[in-house]
Structures are given as structure tokens and as C-alpha cells.
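Undergrad: Okay, here's the prediction I keep looking at, along with the sequence it came from:
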Amino acid sequence: MPQLPAPDYPAEVRAGLETDAKEIIARYPDSRSALLPLLHLVQSQEGYVSRTGMQFCADMLGLTTAEVTAVATFYTMYRRKPSGEYQVGVCTNTLCAVMGGDAIFEELKEHLGVGNNETTEDGKVTLEHIECNAACDFAPVVMVNWEFFDNQTPESAKQLVDDLRAGQPVAPTRGAPLCSYKETARILAGFPDERAGAVEATGGAGPASLIGLKLAKGEATPARVVHPRGEPPKDRPQPGSEHLSSHDAPQKTSASDPENPAGPVAEEGE
């Protein structure tokens, strides 16, 4: 059977959302460009993007619900069903996986009694495996509402979710203090984080990620080359003698090299 139209928000809720939505839309020369932050806005209201939220975005931007749904279902940061107060994401991309991310994810599933994208019965924790979060220096990484918890182990990850469920204070390894998923969604919609000290809190990349920048600034020496065991180190090539790839410098081609002209140099059969 066809779905009935999505129910509207209560009048007072819709009025507040409309005020915030108009502020967001005013930031963009083309109103439809505001769709992504509007989806975060409605997610901050319900904890996920409901049919009501998608209808609201469509109404505010003059779009069809199909257009809004196409975007909301494309990006994984938009939840499509009610989720927990804390979104616990375990990175299972290559480096985190081999460093222990896969083991962490499997143990958390058993410890919490939930599968991927499922929520604990108390509504506190939604568990999911996620792709790279650009924190490979600190692998394996777990994120809670997109805040970093670095260098995790199965034991530390289980203690983390237990503390979240018990209401114990939990501090990220770096970055802003932890807040609820709905509060995170409102910040992602573009509204200021008004918590004391939250904006000042920060956390940068690790040493391995920054070595290239340090080399470019002359603040670090090149890494020492370790030769295979049993092989004497080879002399370094003199400047200008090393082979240049096609990306390093223009090379001679058959069209420009007189010694290697283009086309055949002899008659066929000679």
C-alpha cells in the first residue's frame, strides 16, 4: 500500500525549526545548497532523519521529497531510523583493521548484544563500523558522535561503552568535549557550540601525518633509508643523474627527439 503523507511536526516545534532553517538558507545564494545542513537540523530534533524531517526540508527548499530522500540516503551521517544517544563508530578500514579495529568491532557486538547499525535496549549506544576517519596515526580509532578515541583496544573500547551507558563522564582523546548525538547534529547544521571551552579545545594530526609538512618547512630531516639485511648501502646518485619519471619533468618524445623520429625508418620488409 502507498505510504500516507508524513505527519507534520507539532506547531511549536515546526515554528522553531522554520526560524533556524531560514537562518541556514540565508547563507546560500541558491537555497537548495542548504539541504545538507537542513538535514542535520532535522536530525538534531529527532535524532534521525524521519519522513517528517524530509518533508520539512522539501517544503523549505521547494524540492520534492524524492530529491531530499536521494540525498538523505546517500550520506551515511544521516540516520534513517531512531538511534542511540551515542553513535559509537569503529573504524574497520585497512590500517585500523589490521591494528585491531576488526577485533574491537567483533568484541563490542558481543559485549553490547547488537549488530552493525543497531542500538542497545536502553537507547544509549548505536554501534556501527565506519570507513577511514583520517586518524591512521592513532589506529585503531573509535569515534563517539564524531569525536576521537585513539589507540583503542578491545578492553578500552568495552570500558568506553560501559561508561557511556552508565552516564559516567567520558573525555575524547583530543578535540571538543563529548555531547549527545542530537547536539552534535545541531553543530553540524552550522550553529555555534556554546559550551564553555568547547571551541578552544582542539586536536591535530599525529606525527606521521605531519612529517611531510615539517619536511617542506625544513623543520625535519629526511627519514633514514634502511637497506635490506645483508646488502651494503648503495651510493646515492649524484644530483641530476637520477631518473625522472614523466611526472618529474618533460621528457624527450619521438616527435621531438631527432635520434628517434616518429614513424618507420625503413621500407617494409627491409
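TA: Yep, it's here.
Undergrad: give me phi/psi at T126?
TA: phi -110, psi 130 (degrees, to the nearest 10).
Undergrad: which residues does it contact?
TA: 79, 83-84, 86-88, 114, 117-120 (Cβ atoms under 8 Å, 6 or more residues apart in numbering). All C-beta atoms are positioned from the backbone trio N, CA, C, and that covers glycine.
Undergrad: what does N117 give?
TA: Applying Cβ under 8 Å, 6+ apart, the residues near N117 are 126-128.
Undergrad: which one's the longest helix in the chain?
TA: What stands out as the longest helix in the chain, according to DSSP state H, is helix 11-25.
Undergrad: Can you name the residues that contact the closest residue to G115 other than its chain neighbours?
TA: Distances taken as Cβ to Cβ, 6 or more residues apart in numbering put K109 closest to G115, at 6.1 Å, once the chain neighbours are dropped. By Cβ under 8 Å, 6+ apart, K109 lies in contact with 115-116, 127.
Undergrad: Selection in PyMOL covering whichever of these are buried, please.
TA: The following PyMOL line selects those of these that are buried, judged by 16 or more other Cβ atoms under 10 Å:
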select buried, resi 127
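Undergrad: just checking, which of the contacts of K109 belong to strands?
TA: L127 (DSSP state E).
Undergrad: from the contacts of K109, which is closest to R14?
TA: L127 (32.2 Å; Cβ to Cβ).
Undergrad: sorry, back to before: can you give me the pLDDT of the residue nearest to G115?
TA: Here, the pLDDT recorded for K109 equals 96.
Undergrad: then stretch 109-121 to CSV, C-alphas only?
TA: Coordinates of each C-alpha in stretch 109-121 appear next as CSV, following Å, rounded to 0.1, in the frame of the first residue of the first chain:
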residue,chain,number,x,y,z
LYS,A,109,29.0,-6.5,19.1
GLU,A,110,29.1,-9.4,21.5
HIS,A,111,29.6,-7.2,24.6
LEU,A,112,26.6,-4.9,23.7
GLY,A,113,24.5,-7.7,22.1
VAL,A,114,23.8,-5.7,19.0
GLY,A,115,24.8,-5.9,15.3
ASN,A,116,26.0,-3.2,12.9
ASN,A,117,23.7,-0.2,12.9
GLU,A,118,21.8,-1.5,15.9
THR,A,119,21.0,0.2,19.2
THR,A,120,21.2,-1.1,22.7
GLU,A,121,17.9,-1.7,24.5
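Undergrad: secondary structure element for S156?
TA: Element membership for S156 (DSSP states H and E) is helix 154-166.
Undergrad: So V88 lies in a helix, does it not?
TA: No - going by DSSP: H, G, I helix; E, B strand; the rest coil, the assignment for V88 is strand, not a helix.
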